[in-house]
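S.K.: Structure, please.
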Amino acid sequence: MVITEARTDFPVGTGHSLWCEPPRGTAFAKNERKVLLWSKEPWTAEDRIDHDGLDQTRFISATTQTSIGPIRVLGVCIPWNMAEVKYPIDEKRQPWELHIKYLEVLANLTRDLQTPTVIAGDFNQQVPYVGYGSREAAQVLDTAFSPMTIATAGQVPGATRPGIDHVALSRHLTASKVWGWPSKLNGDRLSDHEGAGLEVGLSVSDQPSCLQ
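M.R.: Here you go, the predicted model:
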C-alpha cells in the first residue's frame, strides 16, 4: 500500500511500514507524513535521498518481494497547485510552481527504469487532462510518466469520479484488474480523495521464457 497524508502509527498489525521525512512547516503533528509505504514483506534498498531537488518530505522508495519477484515502489505526494503560495515556508511560490518542479525531477527517475517499478500516490492531477487546472502541468506530467503506464487513468470501476491518486507501472508490469472506491463509506467521509487499487503481473515481454 501507498498511503498519502498518513500517520506513522497507521496501519497497525502485521507487515512493514516506511515513511518519508516529516513535512515542511510547523502546522503538522509529529507523526504526520505525506507518504507512507506498507508491505506484507520487509522493505529493502530504502531510499530517502533528495534526488537532485526531489522533495524528500514527499517521496520515499524501497523494494519489496512479491509473488512475481522484487518490485521497486516509489511513493509520491506531488505538491498541489497552491503549495506554499498563500503560506510560504522559505519563499513565496507561484501556483503550480512546486508541482511542476517535482515532476521535472521525477522525470529523471522514470527515464530508464531497468527493474519492475510502481509509482503510486497523490498525483494532484486528473489523468488524462480534461481542461481543469494547468495545461502546462498536464504536459509535464505526461512527459514524466511517458515511459510508464498510468493504470488508474480516467474513472476506474468502483469510483464515483476520476481520481487524482494514481498508480503507474513500468514496462515490465501490467494491470490485470483495476478498481477504485469512493471517499465515503456508509455516509462517513474517509478522505477527500477516491481510492485506487490494482492487481499487477509481469508483462508478456518480461515473462520467463521456456527452454525446449
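S.K.: In the protein, where is pLDDT below threshold?
M.R.: 12, 48-52, 206-212 (pLDDT under 70).
S.K.: Touching the lengthiest helix in it from outside, list them.
M.R.: For the chain, the longest helix by residue count, based on DSSP state H, is helix 97-110. Residues from elsewhere that reach helix 97-110, judged by Cβ atoms under 8 Å, 6 or more residues apart in numbering: 51-55, 58, 74, 76, 78-81, 83-85, 119, 124, 134, 136-137, 140-141, 143-148. In this view, the C-beta of every residue, glycine as well, is placed from N, C-alpha and C.
S.K.: Now, those residues that are in strands?
M.R.: Members of those lying in strands (criterion: DSSP state E): 74, 76, 119.
S.K.: export those residues to TSV and tack on neighbour count?
M.R.: Listed next are the ones in strands among the contacts of helix 97-110 as TSV, based on neighbours: other Cβ atoms under 10 Å:
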residue	neighbour count
Leu74	23
Val76	27
Ile119	26
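S.K.: And the residues you listed, which is closest to Ala6?
M.R.: Val76 (13.2 Å; Cβ to Cβ).
S.K.: partner residues bridging the closest one?
M.R.: Phe59, Gly121 (DSSP bridges).
S.K.: Identify the residues contacting Gln65.
M.R.: Here Gln65 is in contact with 41-42 (criterion: Cβ under 8 Å, 6+ apart).
S.K.: Quickly note the distance from it to Val35.
M.R.: According to Cβ to Cβ, to the nearest Å, Gln65 stands 21 Å off from Val35.
S.K.: Tell me if I'm right that Thr8 and Ala29 touch.
M.R.: No. Using Cβ atoms under 8 Å, Thr8 makes no contact with Ala29, being 9.7 Å away.
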